[in-house]
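[1] missing the sequence, but the structure's below:
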């Protein structure tokens, strides 16, 4: 390693130490504003109690976050959001993002173009960004969840460095992908079949044939302010979303056309370590081709219970046609994504999962 490279790497290490201390401080203050599963223990407990009552099973609390359901002489257990599906080998495989990209690609399933590198190989990242000037995503390559270490909409080399430092706190291997057009979907596959789908739906506005996009946004923001709600920020996510819809801020959408203004409307305008919060059920929108892609991915992984994360602009056409991709596979998928806790006692897929677990359980 040449002298200037050693100096550059030393600065990177110092920046990494600084970022680590910052994250430790935020953790001590509990101010990261991230919601993890242990905060949902009471929600999951109530969910399974309601399901037990619904199907006539016996519910037993084995510990604060561990429960058992028994029905017709068979038992299964839940540990917070986790169910008794899949073995450690499958779970370990699913956590390796580049590996998953490779085995899905080999079977003809669309995945994002990507590179894997480490903190000493920033030139690889700079070169990748040159090939994708519309934006890139950097994330830890292995064993993370809930947006940990992920930075989106990267446009500049200095942003690459910041994103790499953040990702390296979680894993020495770093994954870089182009920013993919579309919204985030999760297709829940249970026992080889897609049983539910949700989407992180961005805010939408309808064209009137007279107003520009920015005028529509300003009018909507006036309404949101009057209601004390977060406004729509014109940021990189906004401009990127308009771009793949072949629009600009000065375009005039035709009357009645629904346009997606943003895919993420974070009040703080962040582009790093944001969890994907699904807010719309879209099971009936998923076409047969997309459904089969999700089921094939689950089959390749040999997982009985998995959330297949996709990014696509249109779920009613095949991924190859829309330019969509499978982004990640999530074993032990959290069922709270698949229902509205304010309106429902439990997600319907939970009952299907319970029956499959009991069917496979040994008699007690």
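    That came in fine, so what should we check first? In this text, all values refer to a predicted model and were calculated from it rather than measured experimentally. Residues are numbered from 1 along each chain as shown.

[2] give me the low-pLDDT residue ranges for the stretch 1-150 of the chain?
    1-38 (pLDDT under 70).

[3] Contact partners for residue 175?
    97-98, 114-116, 138-141, 167 (CB atoms under 8 Å, 6 or more residues apart in numbering). Every C-beta, even on glycine, is put in place using the N, C-alpha and C of the backbone.

[4] Mind doing that once more with 6 Å?
    97, 114, 116, 139, 141 (CB atoms under 6 Å, 6 or more residues apart in numbering).

[5] Which of these fall within helices?
    residue 97 (DSSP state H).

[6] Of the contacts of residue 175, keep whichever come out buried.
    Neighbour-count burial (16 or more other CB atoms under 10 Å) applied to these gives 97, 114, 139, 141.

[7] I'd say the first one and residue 139 touch.
    Put plainly, it is residue 97. No: Residue 97 is beyond contact range of residue 139, at 7.4 Å (criterion: CB atoms under 6 Å).

[8] and the contacts of residue 175, which two are the farthest apart?
    Spatially, the most separated pair among those is 116 and 139, at 10.8 Å (CB to CB).

[9] hmm, back to that, ok, the buried ones among the contacts of residue 175 vs residue 308, which is closest?
    Once CB to CB is applied, the member of the buried ones among the contacts of residue 175 that ends up nearest residue 308 is residue 97, at 13.5 Å.

[10] so what's the closest one up against?
    So residue 97 contacts 141, 175 (CB under 6 Å, 6+ apart).

[11] I'd like to know how far it sits from residue 88.
    The gap separating residue 97 from residue 88 is 18 Å, by CB to CB, to the nearest Å.

[12] May I see the buried residues of stretch 234-247?
    234-242, 244-245, 247.

[13] no, scratch that, I was asking about stretch 298-313
    298, 300-301, 303-313.

[14] Over to stretch 115-127?
    115, 117, 119, 122, 125.

[15] thought the third one was touching residue 169?
    No: because the distance of 10.4 Å does not satisfy CB under 6 Å, residue 119 is recorded as not touching residue 169.

[16] circling back to that earlier point, will you turn the buried ones among the contacts of residue 175 into a markdown table that also has distance to residue 201?
    Listed next are the buried ones among the contacts of residue 175 as a markdown table, based on distance: CB to CB, whole Å:
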| residue | distance to residue 201 |
| --- | --- |
| 97 | 25 |
| 114 | 26 |
| 139 | 23 |
| 141 | 29 |
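
[17] of the buried residues of stretch 298-313, closest to residue 159?
    residue 311 (20.3 Å).

[18] which residues in the chain form strands?
    58-63, 66-71, 74-79, 115-117, 136-140, 151-154, 174-178, 183-190, 193-200, 204-206, 258-260, 280-281, 305-312, 325-331 (DSSP state E).

[19] pLDDT weak spots in the stretch 201-350 of the chain?
    Using pLDDT under 70, the flagged stretches of the stretch 201-350 of the chain are 268-269.

[20] and if we set it to 80?
    265-274 (pLDDT under 80).

[21] Tally up the residues packed near residue 286, please.
    22 (other CB atoms under 10 Å).

[22] Reformat the strands of the chain as CSV; add distance to residue 160.
    Output for the strands of the chain, formatted as CSV (distance: least, CB to CB, whole Å):
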stretch, distance to residue 160
strand 58-63, 44
strand 66-71, 43
strand 74-79, 38
strand 115-117, 11
strand 136-140, 7
strand 151-154, 6
strand 174-178, 8
strand 183-190, 23
strand 193-200, 25
strand 204-206, 32
strand 258-260, 27
strand 280-281, 33
strand 305-312, 21
strand 325-331, 20
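
[23] Can you check which of these gets nearest to residue 360?
    strand 74-79 (8.6 Å).

[24] Could you list every helix and strand that that closest one packs against?
    strand 66-71, helix 348-360 (3 or more CB pairs under 6 Å, 6 or more residues apart in numbering; DSSP states H and E).

[25] Need the contact partners of the shortest one.
    When contacts are taken as CB under 6 Å, 6+ apart, the neighbours of strand 66-71 outside the stretch itself are 48, 52, 57-62, 75-79, 358.

[26] partners of it in the sheet?
    Sheet pairing here is set by DSSP bridges, and for strand 66-71 it gives strand 58-63 (antiparallel), strand 74-79 (antiparallel).

[27] Next up, the contacts around the spatially most central residue of the chain.
    Nearest residue to the geometric centre of the chain (CA atoms, centre = their mean): residue 276, 4.5 Å. Applying CB under 6 Å, 6+ apart, we find residue 276 in contact with 184, 200.

[28] hang on, the earlier thing: which of the contacts of strand 66-71 sits closest to residue 146?
    residue 79 (17.2 Å).

[29] For the nearest residue to the closest one once chain neighbours are set aside, which residues count as its bridge partners?
    By the measure of CB to CB, 6 or more residues apart in numbering, the closest residue to residue 79 outside its immediate chain neighbours is residue 66, 5.2 Å from it. Legend: beta-bridge partners of residue 66 under DSSP bridges are residue 63, residue 79.
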